Every structure is written in C-alpha cells, then in structure tokens.
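please find the sequence and the predicted model below.
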Amino acid sequence: MTDTLIIADKIGTFETALAEYAFSLNTVWVLVAAVLVFFMQAGFALVEAGFTRSKNTTNILFKNLMDFTLGTITFWALGFGIMFGSSNGFIGTIDLFSTGSYRTDMPDMAFLIFQTVFAATAATIVSGAMAERTKFNAYLIFSAVISMIIYPISGHWAWGGGWLSQLAVPFHDFAGSSVVHLVGGSAALVGAAVLGPRIGKYGKNGEVKAIPGHSITLATFGVFVLWLGWFGFNPGSQLAATGVANAKAISLIFVTTNIAAAGGSLATMLYIWLKYKKPTLSMTLNGALAGLVAITAGCDAVSPGGAFIIGLMAGVLVVISVEFFDRVVKIDDPVGAISVHGVNGAFGTLMVGFFSTSQGLFYGQGAALLKTQAIGVAAIAGWAIAASLVLFLGLKYFNGLRVEKRIEEEGLDIYEHGESAYNS
Amino acid sequence: MTDTLIIADKIGTFETALAEYAFSLNTVWVLVAAVLVFFMQAGFALVEAGFTRSKNTTNILFKNLMDFTLGTITFWALGFGIMFGSSNGFIGTIDLFSTGSYRTDMPDMAFLIFQTVFAATAATIVSGAMAERTKFNAYLIFSAVISMIIYPISGHWAWGGGWLSQLAVPFHDFAGSSVVHLVGGSAALVGAAVLGPRIGKYGKNGEVKAIPGHSITLATFGVFVLWLGWFGFNPGSQLAATGVANAKAISLIFVTTNIAAAGGSLATMLYIWLKYKKPTLSMTLNGALAGLVAITAGCDAVSPGGAFIIGLMAGVLVVISVEFFDRVVKIDDPVGAISVHGVNGAFGTLMVGFFSTSQGLFYGQGAALLKTQAIGVAAIAGWAIAASLVLFLGLKYFNGLRVEKRIEEEGLDIYEHGESAYNS
Amino acid sequence: MTDTLIIADKIGTFETALAEYAFSLNTVWVLVAAVLVFFMQAGFALVEAGFTRSKNTTNILFKNLMDFTLGTITFWALGFGIMFGSSNGFIGTIDLFSTGSYRTDMPDMAFLIFQTVFAATAATIVSGAMAERTKFNAYLIFSAVISMIIYPISGHWAWGGGWLSQLAVPFHDFAGSSVVHLVGGSAALVGAAVLGPRIGKYGKNGEVKAIPGHSITLATFGVFVLWLGWFGFNPGSQLAATGVANAKAISLIFVTTNIAAAGGSLATMLYIWLKYKKPTLSMTLNGALAGLVAITAGCDAVSPGGAFIIGLMAGVLVVISVEFFDRVVKIDDPVGAISVHGVNGAFGTLMVGFFSTSQGLFYGQGAALLKTQAIGVAAIAGWAIAASLVLFLGLKYFNGLRVEKRIEEEGLDIYEHGESAYNS
Amino acid sequence: MKKIEAIIRKTKFDEVKEALNKAGIEFFSFWEVRGIGKAHEERIYRGVAYDTSTIERILISIYCREKFVKPTIDAILNAAATGEIGDGKIFISDIADAYRIRTGEEGDKALYIEGGE
Amino acid sequence: MKKIEAIIRKTKFDEVKEALNKAGIEFFSFWEVRGIGKAHEERIYRGVAYDTSTIERILISIYCREKFVKPTIDAILNAAATGEIGDGKIFISDIADAYRIRTGEEGDKALYIEGGE
Amino acid sequence: MKKIEAIIRKTKFDEVKEALNKAGIEFFSFWEVRGIGKAHEERIYRGVAYDTSTIERILISIYCREKFVKPTIDAILNAAATGEIGDGKIFISDIADAYRIRTGEEGDKALYIEGGE
Ligand SMILES: Nc1ncnc2c1ncn2[C@@H]1O[C@H](COP(=O)(O)OP(=O)(O)O)[C@@H](O)[C@H]1O
Ligand SMILES: Nc1ncnc2c1ncn2[C@@H]1O[C@H](COP(=O)(O)OP(=O)(O)O)[C@@H](O)[C@H]1O
Ligand SMILES: Nc1ncnc2c1ncn2[C@@H]1O[C@H](COP(=O)(O)OP(=O)(O)O)[C@@H](O)[C@H]1O
C-alpha cells in the first residue's frame, strides 16, 4: 500500500526534522550563552581596572586580554581533552587541538567554545588578586597553565565524568561555584600570599591602609557586565533549551541567578551601612558578585526563595571575608577576588546541600548531598591550592614573580609596557 | 489495524513535540530579550553618570544598582502579582513571591524575569532627574515603592487585563511608551519639582546656567547600550518568536525601532545645528533616546516610514521640551529624563492613533484609537504623578528628600558614601 | 477512507509547522546576530575615542553615532536595493525604502536589519583614520554616501548576485573581510592621505612622533566589545541556524573566529615584545582585531588550525603594516584602521585561497580559488579607492575637508561642537 | 608687579571670576588643588577607614601691576567668602620681572596691551 | 611669612603629610605635577619610541610663619628622602602678605586661628 | 636663585622642552592650568549657552641659578611664540633658598650635581 509507505516515509522525515530542530535550538542557546560568558572577560577587566590605581591600568587590562588569548589557545590545544576526554576518574585524555567527538546533542565545536569561555574565567579571577605588583611574564605563564592543566583536571572530576560525579550521591556544582570560581579564588589566594602585599598597604606597625581604586565607574559598569554574563554562565550550563523541561529549567535559573545577585547586593549595602554608618558602593559591588558566585552551584536546584537567602548570606559573608583577609591574615587582594570567588564559591557549593529542593537538608532530604558537597569543595580547593602553590613558587624561584620596588612605585604601565593608560 | 494506531501514536508525539518546540523557542526569545533589557540598567547608569558631575558619580551609580536590586526583590515579592494577577479592572492580586501560574506559552519564570527587567526600568528613569541632590535613603524608599506598587498598578490597566485593555477600542502600548516610560518620566517630573533645582543651576535673576556633565564618553556609550537594549525591549514584548507571523512581527519591530532611533538622532542634530550653529552631541544623544521612547508604543503597528517620521518628530520635540522645562518651568532635570521619557512617552503613545497601519487616523481608520490612546496617556500620567507626589511629599516631610547645602556643594560621594568615584 | 484524509491533513499541518519553525529559528538567529553586530558600533566608538586625544573625543564619538544614524537611513532608503536588488552583474536596483521582497527563508525585515548593521560598519571604520582633523559636515556627507552607494555596489558584486559571485570559481568572502573591511580600510586610506597628517605627527625633518591616545581603558574595552560583536558578524552571516548542517557551521565559525582573534593577539604581543623589548597593549589590541578581520572571509571554510595560523600571521602583518604607513608612506592613521581593516581584510580574503579545506591550495585543490580571491580583492579595493578618492577630493574642493589649524590645535570638541567631553 | 594666589572653594569659582572681571582683571590662570585643612570627612574604602581630609579647591593665580592689587584682593574677599570654615586664603608676593611671549615685551608692559587700557 | 614649595615622590605623600602634621603644619595645598628630571624611561606607542622622561610628582605648597620654616623643611627632608635619584627639591620664597577669606584677616593672623595655638 | 614660571600653549610644549634642554635646563616641573584670557569661544550645553573662555595651558616652573635665567627666558620666548594672541607669559621671581631632598644639600648646590657640570 503506497499510502502507508508514503506516510512511513513522511514520519521518518519528521522524526529527523524534529531531532534536527532540537539539535539546532540547543546549539543556538549554547552559542548565545557563550557570547554572554565571553563578555564576562570584559567585565572582569573593568572591575579589576576600576579597583586598582591608574598607574597600573594598562597592565591589568593587558593581563585580562591575555587570559582570554592564552586560555583560548591552551584550552583548545590540551585542556579540553583533559577535562572532557574519556575518564579514568582523575583525568581525561590528551586530545591535541580538540578534534575528538564529545556530544551528540550539539556540535562539538559549540561545546568547545562554551567550555573555552568558562576556562578563561578561572584564570581571569586571579589577575585581580595579584594586581599592581606581579611581573607580566610570570603572570602569563601562570595564566596559560591554569587554563591548560589546573582548571581542566579538577573540572574533569566534577563535569568530565570524574570521581566526584561518580560518588553515590554525585557532586552537584551546576555551573561552577567550585569548578570555576573556587579554583580561581584558591589560585588567587596562593598568588596574593606568595607575592606579599603592595607597598603601602600595611603601615610600619601593621595598620591596614586603604588604597582606593582609580575608577568606581569602571568597576560598577564591570559588575553590570558580569551580572549580564551570568545570564549566560548559569542558564547556559543547562546545555539545552529544547522541550518544556529545559525551557522551565533555564527560566528558573534566570530567576534564581538574578534574585541571588540582588540579595547579595542588598545585604552588603545594609550590613556596611549599619557597621560603618555609610553605604559604600565598592563593597556593595562585591556583594552582588558574591551572590552570583554563591548561587552558581545550585541555581538549577533551589527555589527563588532559597536563592534569595543564599544571596543575602553571601552578601554578608563577603564583607566579613574581605575584612578577615585584609586585617587578620593580611593578604592583600586589591579587588576582593579571594572572598568573592573563593570563599563564596565554597559557600555556594555547600549551600546546595541545604537548599536543594530535591536533595537538601532543609527540605528533609538528609545530609548526604551536603557531605558530597563538602568533599567536593575540599578536593577542588585542595587541588587548586597545591597546584598553584607549586606553580607560583616555581615562578618565583626561576623567573621572579614580583616587580622591583621602583617599578611598583612608579607604576607597572610605564616600566613593563612603556605605555600609560591615560594621556591628555 | 496496528499501522493506524502506530501512526496515531506518532502523530500525537509530533504534536506534543511541536508544541514543546514552540514553547522552547519562545522561551529562548524572551530570555534573550530579558538579557538585553537588563543591560539597559547599565546603559542608564552610564548616561546618568556621564551627564552629571564627577563629585556625584558614586551616588548616581549606586542608585542605579539599587534600582535594579530593589526592583528585582519588590517586584518579585509583590509587584508581579499586582500587575498580572487576575483583574478586577483596576488592580491584580497579591501573589507573594510570585508563585502563581500566569502563562501557558512559556514558563512563568521566563515571564517573571522579563517583566522584572521592565519594572526596574521605570524606577531607573527617575534617578537621573533627581541626580546630584537627593538623599540616598529617601531615594531607595521611592525606588522600592515604584517597582512594587506604582508601576504595577498602571501596568495592570494596560497589560494585566485591566480597564484600559477592556475599552471598546483597547489601548495600544505595545512595549511601554506609557506603561514604562511615561510612568518613569512622570515620577521624574514630580521628583525634580519637589526637590527644586541644584545649587548654581539658576542665577540670582533666574538666568539659566549650564552644568555640564563630567563625561560625554560615558553618556554616549550609555546611549549605545540603551539602543542595544531596546532590541530586547520592543521585539521581546512580542513574547513569542515561533511561527511566520511572530517572526515577521519581531523583524518589523527591529526595523521600526532602529529607524525611529536614527530619525530622532538625525532630527535633533539638524535642529540644534540650525538653532545654535553647532551640532551638539549631548542633545543628540537625547534625540536618539527620544526616538526610541516614542516608537515603543507603536513599534509593532506602524510602517518603517511611519517610524521614521515619529522618530524625526521626537527628535525635535525633545529639544523643545528640554528647553521648556529648563527655561520656562525651571525644573532642573540634569539628564533630560522628563523630556525623553515623559514627554516622548506620551507623544509616542498618541502617535499610534495616527500612524497605526491598521487603526490609525492617517490610514483612514478614524480617531477611535487616538481617543483611547489619549485616555490611556491621561490616566497613566495622572496616576503616576499623583502617586509619586504623595510619596515624595511624604518622604520630604518624614525623612527629608534633599541633602544639606554643604553636602551638595562638596559632592554626595564623600558625604553620603565616603567614597569618591575617581582617584589617581 | 477518512483516516487517511485526516492523516494527510495532519501531515500537511506538520510540514507547515516544521517550515515555520525553521523560518522562526533562522529569524531569531539572524536578529540576535544583528544585535551583536550593532554593538560593534559602540566598540568602534570606544576604540577610536581611546586611541585619540581627549580634546577630540566628543567629535569622534559624534561621528560614530552619526555613522550608524546615517547608515540606517541611507541604506534603508537606497543602499539595500542597490546591494541586493536583482542584478545586471554590476548593480542592483533602486528599491526606495526597501519595500521589495528578497528572502523566503526569513522575513525581509530581518534581512534588512542584519544588512543595515553591516553597512554601517564599513563607514565607521573610516572615522578612526580621519580622526582629530576632519570637518564634521564633510565627514557626514562621506558617511552617508559610503553606506548608500559605495559599499552597496561592491557588496552587490560579492553578495548580491553580481559578477564576483558568478565567476566559474565564485568569490568566497563569507562575512566580509573584503566586502566590509577592505572597503572601509580603502576609504580610510584615501581619506587619511587626502587629509594629510595631524599637526605634530611628523617633525620638521620628517621624524615620526607618537601621539598617544587618551585612554587605553576605553580602547581595550572597545576591543572586547568588537570581539563580542564578531560572534554576530561571522556566525550570523550563515543567515540560518536550523538543521544539523547549519548548527555545525555556526559552531565551527564561532571557534575559528575566536581562535584567529587569539592568534592575532598573541602574535602581536610576542612580535612587539621581541622587537621593542616591551609588550605593548595598544598594538596588541590591533593584533586581536587584525586576526578577527583576517578570519572573516574564510571563517566557515577553514579548520580551527588554519584559523590559528591566519590569526598569527595577521598579528605580525598588522604591526609591519602600521609601521609601514606610519614611517614609510607617512599617512597618519591614528587608530590603525588602514592596517587592521584594509591590509588584513585583503590578506584574509587571499588566505581563503590557501586555507579553505575544500578549495584551498594547501589542501591540494589548486590555485583556482586563490585566483578568484585575488581578483575580488583587486576589484573591491580598486572600486573603493576610486570612489572615495572622487568623493574626498570633491569634498575638499567644494566644502573643505580639514579644520583650521587653530581648531585642530585647541581641539575639535569646542570649536566644532561647543562641548568638551570631560568636565569636572 | 605682584603675584596674587588665592585658594578658593570650587563652588565659588564662577562668582570670583565675575568679580575679578569687574575689578579689571582680564587674565588669570587657575588649576585644581587639594587642600589639607580643618574640614575632615572620614571615608571607608572596602572596610578600611582612611583619612581624606583633602578637600578640592581651586588655586587662582593672578599676576598684576601694583595698582590692581588692592581691588583684586577686595574682589576675591567679597566673592569667595561664605563665612564657614574652609573659605581659603589669599597670598601676595613680589614678581621680579615678566615677559609676553607673543611680542617679547618685558616688565609691566607684558601685562597690558599698550593703548588697550 | 614664607612659602615653601616641595616637589616630592607620589609614594612619599602620606609620610610627608604625617611628618608635616607633627611639625605643626595644619594647612597646606598640593597638586600633581610632572617633572622633567634625570630619570628617563623609554616608551613605545604603536611602534614609535617617544621621550617621556616625565615623572609624576606631587607639589606641596605651604604658606607659613617664619618660625615654622625650619621644622617644616626638616620634616620634609626626613620624610620624603629615599636616597635614590628623583627624591625632589624644596624651595623657599618670601610672601609679602596674606588674607583669610572667611574673616578678611590680614598678615600673619591669616595663618593661625587666634587663641587656637 | 630664581623661579621662572611660564604659561604656554599645550601644543608648544614639546618644542619648549627641547629648547630648554639646549639652554642647559635639565630639570623642571609642569602642570596643566586653565587660563582666563581674551580668547573666547561660546559653548552650548543642552540648549544653554555658557561662557567658557577658559583655555588649556601648561604652566612650566623652573628653579634655576642666576646665570641660567637669561638663556632660559630666551629659549622660551623663541620656542613658545606663534605671534597669535594667547601665546602666554613668563614671570620671574626670587627664591630665598633651596634644598635637595635626597642629600639635604642647601642653596645653589641643591640645583646642580657637584662635579656634574
Ligand atoms: N597655610 C596654608 N598653606 C597652603 N594652603 C593653605 C594654607 N591654609 C589654607 N590653605 C588652603 O585653603 C583651604 C581652606 O583653608 P581653611 O584654613 O580650611 O579655611 P579657613 O581659612 O576658613 O579656616 C585649605 O583646604 C587649603 O587648601
Ligand atoms: N630646578 C627644578 N625646577 C623645577 N622642578 C624641579 C627642579 N629640580 C627638580 N625638580 C623636580 O623634582 C623632581 C625630582 O628631582 P631630581 O632632580 O630628579 O632628584 P634629585 O634631586 O634626587 O637628583 C623632578 O622630576 C622635577 O619634577
Ligand atoms: N596676568 C596673568 N596672570 C595669570 N595668568 C595669565 C596672565 N596673563 C596671561 N595669563 C595666562 O596666559 C594665557 C595666554 O595669555 P594671553 O594674554 O591670552 O596671550 P597674549 O599675551 O598673547 O595676549 C592665558 O590664557 C592665561 O592662562
């Protein structure tokens, strides 16, 4: 019966077409998200430039540009395979220049570019904490290595099929509170500690001095750009948009992401206002970022209300953490990267164990997930700290990590680059 | 016959799949648009900072950040339900933390985030007009209330199923010339009037003085960002992208939006050039924005040619209006928000009555729509003016609205926030 | 048999629905890409402002705003028809205000807006090369004419069905290394040459002097914005996203575009570092742009490895070219537009002849494509140079092209616009 | 010939400018300075209090012939005073010689256009 | 009455400020200047080497009574010196007269609050 | 010891710098000032005309020994003049004393490196 054959034929065509549309729409979604995450590089550049002095602006911008440049190249060359290649639990495979086959639900190249923009983010976090005193060539080596090796290895554990994802209750870090931010924040901690504080940051008797950044305008606009980029970072990590479930998921993630950021910004402002009698913008900016970092792990798993509470706590935590590192530990972190990305990355990852509506302690689901989350945080922070400690000490010993006193005083722009950022 | 059953089954699957794809593509579209509209917050921050003095830059940036922070929270907590909850004609319902069910063609969360970024826009418009002299705490209260109550109520009339949408010829404000911009512009008018002009704006004998903004660069870039954001604001308001009709609609809206902006920018430049012998950028920037605001109501309903004419008129109107408020009414509006958003919001809404290709007077369709548009403009402006008058007078009386003379002179940044925007 | 009828009916519905989804998804893709390309206008404005002095900042920003304003209007009025109207091989047709019918796979308005943002780019390239000394009114006339006539005519040859696309081996310029950038770069060359160098650029004995731009921060952020915009420029030029083939194509283009940019940035940094002992950011920024321009022609046709090599070469080429024009030819191009867009536009177009995986010399496919590419480059550069020479000489003769000495010395902002960009 | 330097509030600049014009001062130079004075305002940057008792002021520098000294001082005293702490100071010192770059004229002549008074 | 002008390193500003406070100087003004000194650093802008031997410095301007001159100079010499080339200079000149704008007080009295010492 | 202050056009700065170097001046400081002079240009900001007769200038400040005064003035007069209104002025005044911060050397010695001439 030809009719039935024709119909069968048509049905086959439709099935293919529908599969292709799913494939296409997912691709479009992931690429749009990649664009937004890419823009975060610019956001970081602006925030870090704004929070540092004008004599080092060329230097910090240059580092941000090279973070992405080197990240693109080294992640493509090696990192991607290490992170997503087939797993022995601890590390992927060497897939030189990423020619392997990884996904069937979207083009491999779409997945590569999305992961590339993520990888570059981890490196970029570090430049801020090490600002105003790091040798340019040492930083470049670090930047290449973190995107090529450090980030992909722990990333493999959580996202590449590695041991953290194979636990009985698998580790839940949806968009990278730990995989990206905690890695970056840990390396930032090590980098800033190995370097030592900027000249003038601590007085003779150890009293803390303020070194205001040269442009709150740049920093504020940078935070808006980062907030924007997070609408790619979190919802894009769903890696799919087709079907009602995916559409609902990405929509929820938009809302939780946004509310946590607002919560962070609000809590910081109020807390600072109460504590110092004046609402301070520079810290509130960190508060918004802290909320964003903290929600990143659980943005898909918590309710909007949960997101709001996580954001509020992050906003207070970031202030306490900044003050702790500044005053007690005396690690000089000009932009607050350790507190925003490291501390809140860990905090946000742990919070999933409490606030996950399906697995969280607060929803009567016991502490199983919380335990996994704690293991994940410890493992990832441990790895990032150890690896970057080796790297920074090696750089210090073999290459030198910090510029000369005179260069630091007069500014890195002229001595390292022969170019000041501002002229008339 | 099993064949038929299988086929029936397949057909069912396809129908579901097709519905899901429509749902998904709409969701992607609305979320992408939401991202673009979100970025308008940054655009407003840049424009307002650029058009004001550097001693108040931290303050104006902070206000913009808190507009979105508070808007996110209060609109989620209450505003959304008031605007879109089931209607008694005048007001929606209390849906605490927006857990209700509103849409079947996209996830409720997608609709919520899209409406959130809109709501925050209305508040942000006001900060510019009140710049350089408003107490920070008073402003925050205002900002929370406009997103939570003032904007949602008139928004309900037009978009939430309220009385304006139930008129025989329903009110047509596609993307919010009135619902968003006129509301913001009206509150801006009241705020600036209640505050009084900045010190130094008017001389002893009432002569008008110029107080140039500190960075045309920021303002210009901000206008580019706003123009960009409008490609989410207007086409996103279609709330759907699936199907030929929707695809054509959003494409037309892109073109009309863009041409009106170009028309506004061109008309202002030429008009200023003729009048003052020199083409002035700061005013031309307002011209582009005026074109964008004016096309917002009718971007789906007019032809590209109609959009161009509306843009041209808006470009001239904004100059006349700025001069009128500056010189005749003597209300000091540092960024021109009243003229750009208020006057051109009303103007653009009325123009739909003339230029709508299906219902407009110029297309032989009589004045029925025009009448409705006039009613809508009057009602919305009336509501926004009355509500914000009560609010601002209350704030003035119970909290104080304006900073002390010395703080205004030395700059709000140091006294209100302890932080100047620019350091070396 | 009613069953079969119902099924036939359903099948018809599905076929229509599938076609509509393809249409819709393509539309969404093209519109999102258009938004990204639009943002490049802001990127150009920032780069050009950053690379020039603060006394001319209002002027350069204004030119960029008017490039897009006039481009929107003139391309809509005439250019679009000239470029895409039915072909006699050399020129399209007059389609006043673009009301004709051009595409069946997306709305005509979507195609119009996408082509509009492209057209405006060609004009914008020129303003940088002519910065700091060109009369505003002369520039506006030029800007209108290039978008209305010069760009559409050569664009027609390559993209509108004209003779270059009808060659035996058709010309391959996927996203416009030649159609957009070489046209802009050629006009920039002519413009800068006809104008002559800025006062102070060359000493009495012809020695070259540096005139540093006023803000590397603006320039760097602008490059990030341009890089972002290129993710619309190149993948958007696919003009479709539906189906596995299209999804793979746009994903590959993302990767090649990004890797070429990274290659350009890396190569410039290293080359400059070796040559002048210091890595220089301002030049590295040009390197990233050079990589982007060079990959634009072949982004769909080369492998990621090929893209990387093209980027690396572009990064070195741009330095050599900047120095050549600066020192040997002594044409003063403040932002390097001639080298970035002209030289690398031509270079990138030629490289397709070598690196195209399906037609390239390096892949054993002979020199046929290379020959076509050379013809295309010569024809397009020849046309753009000739047409803009006539135009600029005409302007010089009838209107004057360059401002008076005093205006140039004191800054165009005050004398041409009565408005300086920065105030306190 | 005397040099008069006045450190004034930024907000008083326009009024001082007009008063100087009326006092016959056609030419002067000015730039922004920061003063360390008695007006303190505490600032907090990221949780660290820092002392920025620095206040933005404008320094006006006027070179003039003896006969203009008195009217100039009076003009500034009148126009720049608010009566609140922080109004600033005026200092007068001697100038040994002056030249007009355009013409090379020396001495008092450098300060006025001959026949222009 | 004397005017003391000191050109110092930017990085030494905080220390100098404290030293001056200790020396009894309550009021001074300062602004950023660029110096052409011996410390050269070559710069390359877009492939063109250019001479910017200019170094950012801070110029501190102190008007004070005679009795403060010596302590002030000592304070600056101590606080601003690093021993490396580029530490800057101090210059002292005479001031003919001074006025306090707020009160109109003239001469030495313009420089201190009566009864405030 | 003398102080030479010259207010010049921004566009003439490079030439003046070279001329000063040739005249034996190795060290000087400069900063940007705004001048209120005769050159007016009307500006419109958002429809309001405002008077900004302010022109950007550079103030060069040179402290030198007597024997350098004449060559310095000549150098500036030559290098900074265009002949058009707005070329600026040179002022000379006395300096009572000077110190080199690095070494504490006083007087003329503060201005040159001993054995370096
Ligand atoms: N002795 C001084 N030397 C240099 N600058 C001074 C001196 N006294 C005052 N100033 C400048 O003048 C400004 C205002 O002076 P201040 O003493 O606070 O006002 P008042 O004279 O009303 O008490 C200060 O911020 C400072 O810049
Ligand atoms: N004669 C001078 N006139 C004006 N400024 C000077 C003079 N000498 C030094 N300076 C300023 O002081 C700064 C440091 O002086 P320098 O001579 O390099 O230090 P040192 O005295 O340690 O050799 C210079 O950059 C310049 O700004
Ligand atoms: N008496 C003065 N006091 C302070 N600054 C002055 C004085 N005369 C001129 N200047 C400065 O010099 C600049 C140029 O002087 P101007 O008188 O316009 O030139 P010319 O001497 O060629 O007529 C002015 O803008 C101003 O900054």
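Nice, thanks for sending it over. Numbers count the residues shown, from 1 in each chain, chains lettered A, B, ... in the order given. Ligands and ions are numbered 1, 2, ... in the order given.

what about the residue of the stretch 101-250 of chain A found nearest ligand 3, neighbour count?
Across the stretch 101-250 of chain A, the shortest distance to ligand 3 (C-beta to the nearest ligand atom) belongs to A:His214, at 28.2 Å. For the C-beta atoms, the positions are set from N, CA and C on the backbone; glycine is no exception. A:His214 sits with 23 neighbouring residues when counted by other C-beta atoms under 10 Å in any protein chain shown.

residues in contact with the residue nearest to it when sequence neighbours are not counted?
Nearest-residue entry for A:His214: A:Ser54, 4.1 Å, with adjacent residues in sequence omitted and distances by C-beta to C-beta, 6 or more residues apart in numbering or on different chains. By C-beta atoms under 8 Å, 6 or more residues apart in numbering or on different chains, A:Ser54 lies in contact with A:His214, A:Ser215, A:Ala421, A:Tyr422, B:Asn423, B:Ser424.

ok, now with 6 Å
A:Ser54 makes contacts with A:His214, A:Tyr422, B:Ser424, as judged by C-beta atoms under 6 Å, 6 or more residues apart in numbering or on different chains.

any idea how far chain D is from it?
A:Ser54 sits 16 Å away from chain D, going by C-beta to the nearest C-beta, to the nearest Å.

quick revisit: next, the residue of the stretch 101-250 of chain A closest to ligand 3: phi, psi?
phi -90, psi -10 (degrees, to the nearest 10).

wait, doesn't it sit right on C:Ser215?
No. A:His214 is beyond contact range of C:Ser215, at 11.8 Å (criterion: C-beta atoms under 6 Å).

below-threshold pLDDT in chain A: ranges please.
For chain A, residues meeting the criterion pLDDT under 70 lie at A:1-2.

okay, now the closest residue to ligand 1 within the stretch 301-424 of chain A: neighbour count?
When distances are taken as C-beta to the nearest ligand atom, the stretch 301-424 of chain A reaches nearest to ligand 1 at A:Ser424, 24.2 Å away. A:Ser424: 12 surrounding residues under other C-beta under 10 Å.

swap in A:Lys204?
Other residues lying near A:Lys204 total 6 when counted by other C-beta under 10 Å.

name the SS class of it, please.
Secondary structure state of A:Lys204, per DSSP: H, G, I helix; E, B strand; the rest coil, is coil.

and A:Ala267, what does it touch?
Counted by C-beta under 6 Å, 6+ apart, A:Ala267 has contacts A:Leu312, A:Gly315, A:Val316.

for A:Lys135, give its distance to chain F.
In terms of C-beta to the nearest C-beta, A:Lys135 sits 28 Å off from chain F.

what's that residue in contact with, if anything?
A:Gly400, A:Val403.

tell me the phi and psi of it?
Backbone torsions for A:Lys135, taken as degrees, to the nearest 10, come to phi -60, psi 140.

ditto for D:Lys2
phi -130, psi 160.

likewise the one 3 residues further on?
Geometry field for D:Glu5 lists phi and psi as phi -110, psi 130, criterion degrees, to the nearest 10.

excluding covalently adjacent residues, which one is nearest to it?
Excluding its sequence neighbours, the residue lying closest to D:Glu5 (C-beta to C-beta, 6+ apart) is D:Phe91, at 4.8 Å.

name the residues that touch the helix or strand that contains the one you found?
Assessed by DSSP states H and E, D:Phe91 sits inside strand D:89-94. Outside strand D:89-94, the residues that touch it by C-beta under 6 Å, 6+ apart are D:2-7, D:73, D:76, E:63, E:95-100.

same check on stretch A:242-252?
In this structure, residues lying in contact with stretch A:242-252 by C-beta under 6 Å, 6+ apart are A:22, A:25-26, A:235, A:238, A:240-241, A:300, B:20, B:23-24, B:27, B:107, B:109-110.

what is the nearest of those residues to chain D?
Of all the contacts of stretch A:242-252, A:Pro235 has the smallest distance to chain D: 30.7 Å, by C-beta to the nearest C-beta.

from the contact counts, what lies against the helix or strand containing D:Val33?
Using DSSP H and E, D:Val33 falls within strand D:28-36. Strand D:28-36 sits against strand D:54-64, strand E:28-36, strand F:28-36, with contacts defined as 3 or more C-beta pairs under 6 Å, 6 or more residues apart in numbering or on different chains; DSSP states H and E.

do a quick rundown of the strands in chain D.
Ranges of strands in chain D, per DSSP state E, are D:2-9, D:28-36, D:42-45, D:48-51, D:54-64, D:89-94, D:97-100.

in chain A, what residue lies closest to ligand 1?
A:Pro212 (19.7 Å).

quick check, that residue in contact with B:Ala421.
No. With contacts counted by C-beta under 6 Å, A:Pro212 stays clear of B:Ala421, the gap being 9.8 Å.

ok, these two, which is more surrounded?
Comparing A:Pro212 with B:Ala421 by other C-beta under 10 Å, the one with more neighbours is B:Ala421, at 30 against 22.

ok, the more buried one to chain F distance?
For B:Ala421 relative to chain F (C-beta to the nearest C-beta), the value is 20 Å.

and that residue, what are its phi and psi?
When quoted as degrees, to the nearest 10, the phi and psi of B:Ala421 stand at phi -70, psi -30.

look up the closest residue to it, ignoring the ones flanking it.
In this structure, B:Ala421 finds its nearest non-sequential neighbour in B:Thr57, 3.6 Å apart by C-beta to C-beta, 6+ apart.

what is the subsequent helix or strand relative to whichever helix or strand the one you found is part of?
Applying DSSP H and E as the criterion places B:Thr57 in helix B:57-74. Later in the chain than helix B:57-74, the nearest helix or strand by DSSP H and E is helix B:80-84.

how far is whichever helix or strand comes after that next one from where the chain is centred?
Following helix B:80-84 in sequence order, the next helix or strand is helix B:108-129 (DSSP H and E). Taking C-alpha atoms, centre = their mean, to the nearest Å, the mean C-alpha location of helix B:108-129 is offset from the chain mean by 8 Å.

what is the burial count for the residue lying closest to A:Glu416 once chain neighbours are set aside?
Spatial nearest neighbour of A:Glu416, chain neighbours left out: A:Phe136 (4.9 Å); criterion: C-beta to C-beta, 6+ apart. By other C-beta under 10 Å, the residues close to A:Phe136 number 19.

my guess is A:Phe136 contacts A:His417, does it?
No. Judged on C-beta under 6 Å, A:Phe136 makes no contact with A:His417 at a distance of 7.5 Å.

re earlier: and the helices and strands packed on strand D:28-36, which is most packed in?
Greatest average neighbour count among the helices and strands packed on strand D:28-36 goes to strand D:54-64 (a mean of 22), per mean count of other C-beta atoms under 10 Å in any protein chain shown.

send the alpha carbons of that one over as PDB?
The C-alpha trace of strand D:54-64 is given here as PDB (Å, rounded to 0.1, in the frame of the first residue of the first chain):
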ATOM      1  CA  THR D  54      41.700  66.500  51.400                       C
ATOM      2  CA  ILE D  55      39.300  69.000  50.000                       C
ATOM      3  CA  GLU D  56      39.100  70.100  46.400                       C
ATOM      4  CA  ARG D  57      39.900  73.700  45.900                       C
ATOM      5  CA  ILE D  58      40.800  75.900  43.100                       C
ATOM      6  CA  LEU D  59      44.000  77.900  43.100                       C
ATOM      7  CA  ILE D  60      43.800  81.100  41.200                       C
ATOM      8  CA  SER D  61      47.000  82.700  40.100                       C
ATOM      9  CA  ILE D  62      47.000  86.400  39.000                       C
ATOM     10  CA  TYR D  63      50.000  88.400  38.000                       C
ATOM     11  CA  CYS D  64      49.200  92.100  38.000                       C
END
